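Colleague: coordinates only, sequence not included:
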């Protein structure tokens, strides 16, 4: 199995609420927007929003967990400077996004904090001095030793 | 905030066990392999394995959820045919990977099933006739209406 991920699906309790967060608050344009699922293109792979109960049913699990609390998974959105991280936190806070942890210096040499989407999916917004992020795609363009 | 994801972090209960799954069972080569964290490169973004309790502590949450059960998040690895999905399931089953749902035709026109890593993180292995997957990167190269 080659190291590749095509899509990440976030189970959500309320799809209109989740769609509003990603499409309006964050301003992402869906590549597919249906009543039961929404897809966004993240530089060649997909982020999907799908009902958490329907997702559990598709897998064949008896019931979904509650949509709150720690899921043991985080998504990171990296930027190229501390100032860019601060600016993004300010922008999202002004839009009413839940700030879980304000940005701060991390013991690994970077700078990061966390926000949550309406279902408690956690996004780390971070600057890692070891990584240069391609501004167009958001992918890691360079990974250098610290 | 531009639509971009730099890294996905999977919280794990036992890092050596998780590393063995990704590095040995799946055969992925880490780009960084430390006692407390392992990073893999997935076509320009990173998959990280990190202790679930340490991840919760970094976020500032009081305790991690149990590492089993449905987390409300799935990761998909797409292939370009049903036969390729069947072959990958056979390969992983022979390696002792937990098959959560054997591949089957899906009502959306594709073909998919699920496997789990040792911490219950779910991977959907799928063929979606609407998508052509770039064989080298694993990214969606073409997204055509069904």
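Modeller: Done, it's in. This is a predicted model, so every value here is computed, not measured.
Colleague: touching chain B at all, whatever helix or strand residue A:86 lives in?
Modeller: Counting by DSSP states H and E, the element that carries residue A:86 is helix A:82-94. Yes: where contact is defined by Cβ under 8 Å from any Cβ of the partner chain, part of helix A:82-94 touches chain B, namely A:88, A:91, A:92. C-beta here means a position set from N, CA and C on the backbone, and glycine is covered the same way.
Colleague: which of those tops the neighbour count?
Modeller: With neighbours set by other Cβ atoms under 10 Å in any protein chain shown, the maximum within the residues of helix A:82-94 next to chain B is found at residue A:88, which has 20 neighbours.
Colleague: list the contacts of the residue nearest to that one when sequence neighbours are not counted.
Modeller: On the basis of Cβ to Cβ, 6 or more residues apart in numbering or on different chains, the spatially nearest residue to residue A:88 that is not a chain neighbour turns out to be residue A:125, at 5.4 Å. Taking Cβ atoms under 8 Å, 6 or more residues apart in numbering or on different chains, we find residue A:125 in contact with A:76-79, A:85, A:88-89, A:92, A:103, A:112-115.
Colleague: repeat for residue A:82
Modeller: For residue A:82, the set of contacting residues under the criterion of Cβ under 8 Å, 6+ apart consists of A:103, A:111, A:127.
Colleague: export the residues you listed as TSV, with columns for neighbour count, distance to chain B and pLDDT.
Modeller: Putting these into TSV (neighbours: other Cβ atoms under 10 Å in any protein chain shown; distance: Cβ to the nearest Cβ, whole Å; pLDDT from 0 to 100) gives the following:
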residue	neighbour count	distance to chain B	pLDDT
A:103	21	12	98
A:111	20	13	97
A:127	22	11	97
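Colleague: out of these, name the ones that lie in helices.
Modeller: Residues of the contacts of residue A:82 located in helices (DSSP state H): none.
Colleague: once you drop chain neighbours, what's closest to the spatially most distant residue from the centre of chain A?
Modeller: Relative to the mean C-alpha coordinate of chain A, counting by Cα atoms, centre = their mean, the farthest residue is residue A:62 (26.2 Å). Distances taken as Cβ to Cβ, 6+ apart place residue A:56 nearest to residue A:62, at 7.5 Å, with adjacent residues excluded.
Colleague: sorry, back to before: go through the contacts of residue A:125 and say which is closest to residue A:39.
Modeller: Minimum distance to residue A:39 across these is 17.9 Å, recorded for residue A:77 (Cβ to Cβ).
Colleague: correct me, but that closest one touches residue A:122?
Modeller: No: using Cβ atoms under 8 Å, residue A:77 is not in contact with residue A:122, being 11.0 Å away.
Colleague: what residues are up against residue A:25?
Modeller: Under the criterion of Cβ under 8 Å, 6+ apart, the neighbours of residue A:25 are A:92, A:95, A:96, A:97.
Colleague: do residue A:77 as well
Modeller: Neighbours of residue A:77 in contact, by Cβ under 8 Å, 6+ apart: A:88, A:123, A:124, A:125, A:126, A:138, B:1, B:4, B:5, B:6.
Colleague: residues contacting the first one?
Modeller: So the one you mean is residue A:88. The neighbourhood of residue A:88, defined by Cβ under 8 Å, 6+ apart, consists of A:77, A:79, A:125, B:1.
Colleague: can you tell me how far the last one is from residue A:91?
Modeller: To tie it back to what came earlier, the one meant is residue B:1. Distance of residue B:1 to residue A:91, computed by Cβ to Cβ, to the nearest Å: 7 Å.
Colleague: a helix runs through residue A:53, doesn't it?
Modeller: Yes: counting by DSSP: H, G, I helix; E, B strand; the rest coil, residue A:53 is part of a helix.
Colleague: burial of it, as a residue count?
Modeller: Residues within reach of residue A:53, counting by other Cβ under 10 Å, total 16.
Colleague: kindly report the same for residue A:136.
Modeller: Other residues within reach of residue A:136, judged by other Cβ under 10 Å, total 10.
Colleague: coming back round to it: could the contacts of residue A:82 go into a markdown table alongside distance to residue B:29?
Modeller: Shown next, in a markdown table, are the contacts of residue A:82 (distance: Cβ to Cβ, whole Å):
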| residue | distance to residue B:29 |
| --- | --- |
| A:103 | 32 |
| A:111 | 28 |
| A:127 | 26 |
